[in-house]
Every structure is written in C-alpha cells, then in structure tokens.
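Undergrad: Turn this into a structure:
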Amino acid sequence: MVGGGKNRSQARIGARAEMLEGLYKVEMHTVHGSRRGVLYFYDGKMMGGSSAFAFIGTYTETSSGEVLADLFMLRHNEDRNFQPLLKTDIVTLTLKGTQRGEQYYFEGGAPQLPGVAFYAAMPPISEEATPPIIPVGQGGIGNGLYSIHIRMLDGIDGGNTGVMMLHDGRIHGGDAYFDYIGSYTSLDGRWKGELVNHEHTPSIGERPIFGGYEVGIGFSGTYTDEGAVAEATALVGKRSVRFSAVLKKMAGRERRKSSASFLEQGEENSPGRPAG
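TA: Numbering: from 1, shown residues only. Here you go, the predicted structure:
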C-alpha cells in the first residue's frame, strides 16, 4: 500500500507550464452557482467529473496559446441532492481557454442554455506522489472514464461517488472535494493497484473519514468490459479503513468522439448508465 507522503498541494508544479496535460482541479461558475470537480487532459482528449457528473471532451491548443475545447457533461449519480450547475443532466459546452501562470481559465456556453455564461478556473494537481507505473499488457482492464461508487465496510456508515480515469497503468480521478492519483496492473479479469487520495478542497465535514488527510489506498478486484469492482484498505492517519468500490465505464479513452455524438448517445441511454 502506498504511504501518505507530503501534502501535494504544497508541491511545486512546473513541468506542464507550456502544455495542457495532466490532472487539474476544475472550479466552475455560472449565474446559477458554483461546482467543483477534476479533469484529466491527455493527447487532445479530456475526461473527468465530479460527485454526480462525468465530463468527456476534446481540446486543441493553438499556436497562439489559446485552448479550444468541446466538453460534454452527463449525470452518473442518480441522487437528486446533487443538482446540475447548468440545470440539465445532459449538456454540451463550447469553451475557449488561456493560461495565466500555472492555471488555465476557460469561458463559454452551452446551446441548451443560450445566454448563460460558463466560467472555469483550473489549477494543476501535482502528480509527484504517483506510485511506480507498470505497463498494462493485452487483455487488461480497458482505458477510459469510469464512475466510481464507494461504500464503507466493517459497520462504518458512509460512502462517496466520483470518477476514475484509467490509462495504460495510470489512475487519475476525484470528485468535488478530493483528487487521487495511482497505478494499477490487470490481467485475465483481475486487477490491483494503489493510489493516494488528497483533499483538494476542504470538505468541512462532508467526508469525515478522509477529510483532512492524505490517504494511501491499496485495492484488488475483478473487471469486465463494462466496469470493475474492488475491495480496498485505506490508511487514514494510524487507522485502517476498508471499503468496496463499483466502477461503471462511461467512455473509452481509445474513442475520440465529438460532443454531438456523445449527446446522441446520452439521449439513447438514461443518465448514469455506462455509455461505452
């Protein structure tokens, strides 16, 4: 199991100064309010989400340094206590972004909500604490974006929801309060790995088990083409906590689709069900 390590929010981040790649915290704003999540950028694609919504899209970096992006959002958590920022469970966004220092700033809108401006600030998340990566061989768990639903074990009340991006042995993920990075191996329907869970925004009692800690987690389980399950042990301070996780595949990283095609697929499938 991976150890806690130093607080990644204090780590210096400079390797991505000239390129939009890696994991970012996303702080989103409209006239309807604010929300947070995480977004992973890789090879012209972006995938991420929050406690209730998945984010899927593509981006292009221009020679002038501007970033042009199309982002599709759909619900993965049916709990209606999580209200959508843009007042709809399925939405497409057209965005333009610029880099200021280490952060990126985006603005744009959605055709489903004409006249409503969307803004996002994206500070990068350090990946210094990533465990060693072992390449995934043929037949391993599929790359892509997964929703993740966590349930505590051993009589502990509570759970959590978020998203996890798997890519060639690397794990990136998170939700409105936490981000996580890690690594995994997989073969013949079984997978295992380790990750570090970090609080990117103070949870203020929303997640009392992991809140305030940088948590090392080890897990193992099984997978299919549609998703995966795992049991995990987290080291929270000096306490070991067990939980189970269910992952459902939302989109495959190997697929490069336009927001329009994602929207068509989302209309054919009820929000929250695997779409790929």
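Undergrad: Only C-alpha atoms from now on, for both contacts and neighbour counts.
TA: Noted.
Undergrad: Run through who's touching stretch 170-182.
TA: The contact list for stretch 170-182 (C-alpha atoms under 8 Å, 6 or more residues apart in numbering) reads 23, 25, 35-40, 48-51, 127, 129-131, 133, 161-166, 183-184, 193-203.
Undergrad: Cross the residues you listed against strands and list the overlap.
TA: 23, 25, 35-40, 48-49, 161-166, 183-184, 193-199 (DSSP state E).
Undergrad: Going through the contacts of stretch 170-182, which ones are buried?
TA: 23, 25, 35-40, 48-51, 127, 129-131, 161-166, 183-184, 193-201 (16 or more other C-alpha atoms under 10 Å).
Undergrad: in the protein, which segments are predicted with low confidence?
TA: Residue ranges of the chain with pLDDT under 70: 1-19, 204-209, 211, 253-276.
Undergrad: quick one: the helices in it?
TA: Remark: helices assigned in the chain by DSSP state H are 259-268.
Undergrad: need the longest strand for it.
TA: Max-length strand for the chain by DSSP E is strand 239-251.
Undergrad: Tell me which residues of that strand come out buried.
TA: 241-251.
Undergrad: Tell me which other helices or strands that strand touches.
TA: Here strand 239-251 touches strand 144-152, strand 227-236, going by 3 or more C-alpha pairs under 8 Å, 6 or more residues apart in numbering; DSSP states H and E.
Undergrad: Deepest-packed of these, please.
TA: strand 144-152 (a mean of 23; mean count of other C-alpha atoms under 10 Å).
Undergrad: Quick one: the buried residues of strand 239-251 as a markdown table, columns for distance to Gly221 too.
TA: Below are the buried residues of strand 239-251 laid out as a markdown table (distance: C-alpha to C-alpha, whole Å):
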| residue | distance to Gly221 |
| --- | --- |
| Val241 | 17 |
| Arg242 | 13 |
| Phe243 | 12 |
| Ser244 | 9 |
| Ala245 | 9 |
| Val246 | 10 |
| Leu247 | 11 |
| Lys248 | 14 |
| Lys249 | 15 |
| Met250 | 19 |
| Ala251 | 20 |
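Undergrad: Gly65 is in contact with Tyr104, isn't it?
TA: No: using C-alpha atoms under 8 Å as the test, Gly65 is too far from Tyr104 to be in contact (10.8 Å).
Undergrad: In space, what's closest to Ile125 - neighbours in sequence excluded?
TA: Tyr24 (5.2 Å; C-alpha to C-alpha, 6 or more residues apart in numbering).
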